[in-house]
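Colleague: Just need the structure, nothing else, for what follows:
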Amino acid sequence: MKILGKAVATAWQMSKYLLSVNSNPKFSIGISTEDFCQLFLDVCEQEGVRGDLAFAQACKETGNFRFKGDVMYTQNNFCGLGATGGVIGCVFSTMAEGILAQAQHLKTYATKDELTMPCVDPRRTAWFVKTKGGTAPDVELLGGTWAVPGYDTKKYKSLDEANKARDSYGYQIVDILNRILMIKEGGEVMAKKKVCIDPGHYGKYNRSPVVPEYYESDMVWKLSMLQKKYLEELGVEVVLTRTNKDKDMALVSRGMASKGCDLFISNHSNACATESVNHAAIYHLVNDITTDIDDRSKDFAYLIAPIIGKVMGVGYKVLTRQAQSDRNKDGMKNDNYYGVLHGARMAGTPGLILEHSFHTNKNATLWLLNDDNLDKLARAEAQCIAEWLLGTVPTPTPEPTPTPTPSVNLVSLGYQYAMEFTGVNETNLSKAKARTLQHALNLDYKDNQIDEDGMFGPKSKAKLGTHYVKKGEKQYLVTAAEILMYLNNIDPNGVEYPGTYGNGLSKASKLKFGDDGLKIDSNEFLKLL
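Modeller: Okay, the predicted model is just below:
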């Protein structure tokens with residue numbers, strides 16, 4: 001969730017939330033709770049910071065304005081600025097000044113842009129801007145940056161583990177904000193939440209090669225009907241992209257059917273050439289300029305992916321696809337797979353494709369054929385959706401189930417990663433490698449886009465130029481290097497999107513090139529093809 005932007009919650013909602021958790025909040029002057037919340041919104045807006053998010057952070061930092069820590073309410077310090085281990089921290093002359101200091105400190109983490117108002121944040125030094133500026137554009141990234149370590153060390157072994165459980169500092173702020181947003185306005189019930197469900201295929205489509213009685217189209221229809229049933233029981237309105245099992249709508253029209261909805265999901269099962277590969281995969285769109293729709297899609301993808309993985313007993317992945325306008329200048333002529341997501345985005349709706357494991361894997365296919373299993377899956381997904389939309393259904397986030405790794409053939413796994421990364425099921429080894437590198441170059445370097453045709457010719461080599469990746473760097477060329485290692489029968493210990501050059505890739509590079517493993521240059525990329 002972006003720190004910069006316009007607030008969504010109202011002062012009334014914020015006030016009602018605060019009074020529901022603390023009937024006697026402490027303020028340095030006599031002011032109504034609602035007027036104080038409005039002051040928060042007005043001051044933060046001056047710096048382009050979400051005032052409702054900053055208020056949620058203040059609730060966390062002050063113990064819902066009880067001020068039982070080092071900071072006293074008379075300091076007008078609502079986020080613990082300068083308060084560390086017995087040090088009382090900064091003191092501000094007015095509440096507005098204290099709110100502005102918090103907003104400016106948040107803005108510094110979110111961006112290196114100049115402040116709009118005169119600086120009142122005493123910690124915003126040139127050194128601080130240089131080292132911390134822009135390191136946490138999303139509130140979820142404040143764990144380990146604003147707050148160190150940013151998680152309960154008695155509960156989790158690492159920040160990464162706490163983040164996966166959505167229980168680190170930043171995620172706790174998001175949770176408070178979500179609770180605020182669920183407050184009902186004026187005593188009236190808020191508008192009913194609405195989900196658009198797309199049964200991914202129709203007719204007799206995608207027959208399993210390992211279990212002939214299985215058709216993907218049959219499974220997604222059954223699953224969609226069950227999801228609809230359970231969502232409606234939980235108070236969520238459901239719109240279907242079609243009501244006839246054997247008739248379809250145009251791809252973009254299916255996505256556009258979500259107009260006015262709060263979420264769009266398209267149900268599928270996956271397929272690849274290797275039977276042993278099996279995991280759930282959740283796809284969402286990204287763009288150069290991240291929108292609120294993309295943020296919400298991503299947030300929900302990371303919430304529902306482990307739910308599906310745990311129910312099915314398989315691993316899971318959350319994968320992104322670039323916005324269509326960036327992938328294909330011919331508009332909606334992109335592949336038939338992601339068109340629904342582009343349609344949903346055009347309709348203003350967060351959208352996901354849910355790949356429920358692989359129907360080229362016998363065990364997974366038999367699992368999906370079982371009606372009791374589908375019922376269990378639909379119940380869990382409906383509960384997760386309702387929790388996200390309504391904030392009323394207590395679904396714990398399960399521990400991640402690791403994706404199976406080699407006992408499967410490394411090259412076969414590489415084919416699967418290449419397909420997921422590029423969106424093309426390429427069975428030719430040389431072309432799969434070339435497509436992977438071409439796609440990474442297009443993502444990392446936006447100018448002079450090259451055709452991702454699997455032929456690494458002069459234009460592709462010119463775009464590669466002298467580009468390289470080194471240990472510690474994060475970019476899509478690292479993703480390409482990881483996939484190329486698999487396709488060269490070397491294990492880099494996983495693939496990320498985008499990837500961070502870590503120890504796994506370093507060891508793989510040492511094995512492949514016999515060097516120190518700290519860098520993969522353009523010549524070495526060509527050797528991987």
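Colleague: Domains in this protein, by residue range?
Modeller: 11-181, 191-390, 410-528 (automatic domain parsing).
Colleague: what about those domains, which gets the closest to residue 3?
Modeller: domain 11-181 (4.0 Å; C-beta to C-beta). Glycine gets a C-beta too; all of them are placed from N, C-alpha and C.
Colleague: Tell me the gap between the closest one and the middle of its chain.
Modeller: Distance of domain 11-181 from the chain centroid (C-alpha atoms, centre = their mean, to the nearest Å) equals 23 Å.
Colleague: could you list every residue that touches the residue positioned nearest the centre of the chain?
Modeller: Geometric centre of the chain, nearest residue: residue 298, 2.9 Å, by C-alpha atoms, centre = their mean. Counting by C-beta atoms under 8 Å, 6 or more residues apart in numbering, residue 298 makes contact with 284, 286, 318, 320.
Colleague: can you tell me which of those are in strands?
Modeller: With strands taken from DSSP state E, the overlap with the contacts of residue 298 comprises 284, 286, 318, 320.
Colleague: quick one: low-confidence parts of the stretch 1-150 of the chain?
Modeller: Applying pLDDT under 70 to the stretch 1-150 of the chain flags residues 85.
Colleague: So which residues of it form helices?
Modeller: 11-21, 33-46, 51-62, 95-110, 126-132 (DSSP state H, counting those that start in this stretch).
Colleague: what packs against the shortest one?
Modeller: If I follow you right, that is helix 126-132. Under the contact definition 3 or more C-beta pairs under 8 Å, 6 or more residues apart in numbering; DSSP states H and E, helix 126-132 sits against helix 95-110.
Colleague: Next, the angle helix 33-46 makes with the helix it packs on.
Modeller: Using axes from the mean of the first three to the mean of the last three C-alpha atoms, to 10 degrees, the inter-axis angle of helix 95-110 relative to helix 33-46 is 40 degrees.
Colleague: Remind me what helix 95-110 packs against, helices and strands.
Modeller: Contact partners of helix 95-110 among helices and strands, from 3+ C-beta pairs under 8 Å, 6+ apart: helix 33-46, helix 51-62, helix 126-132.
Colleague: from memory residue 473 sits against residue 500, does it?
Modeller: Yes: assessed by C-beta atoms under 8 Å, residue 473 is found in contact with residue 500 at 7.3 Å.
Colleague: Surely residue 375 forms part of a helix?
Modeller: Yes: applying DSSP: H, G, I helix; E, B strand; the rest coil, one finds residue 375 inside a helix.
Colleague: Grab the nearest non-local neighbour of it.
Modeller: Using C-beta to C-beta, 6 or more residues apart in numbering and skipping residues adjacent in sequence, the residue nearest residue 375 is residue 226, 5.9 Å away.
Colleague: circling back: could I get the helices of the stretch 1-150 of the chain in TSV, plus columns for distance to residue 255 and mean neighbour count?
Modeller: Shown next, in TSV, are the helices of the stretch 1-150 of the chain (distance: least, C-beta to C-beta, whole Å; neighbours: other C-beta atoms under 10 Å):
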stretch	distance to residue 255	mean neighbour count
helix 11-21	31	19
helix 33-46	33	19
helix 51-62	29	25
helix 95-110	31	24
helix 126-132	39	12
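Colleague: would you list those in a markdown table and tack on distance to residue 494?
Modeller: Formatted as a markdown table, these follow (distance: least, C-beta to C-beta, whole Å):
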| stretch | distance to residue 494 |
| --- | --- |
| helix 11-21 | 40 |
| helix 33-46 | 39 |
| helix 51-62 | 32 |
| helix 95-110 | 29 |
| helix 126-132 | 29 |
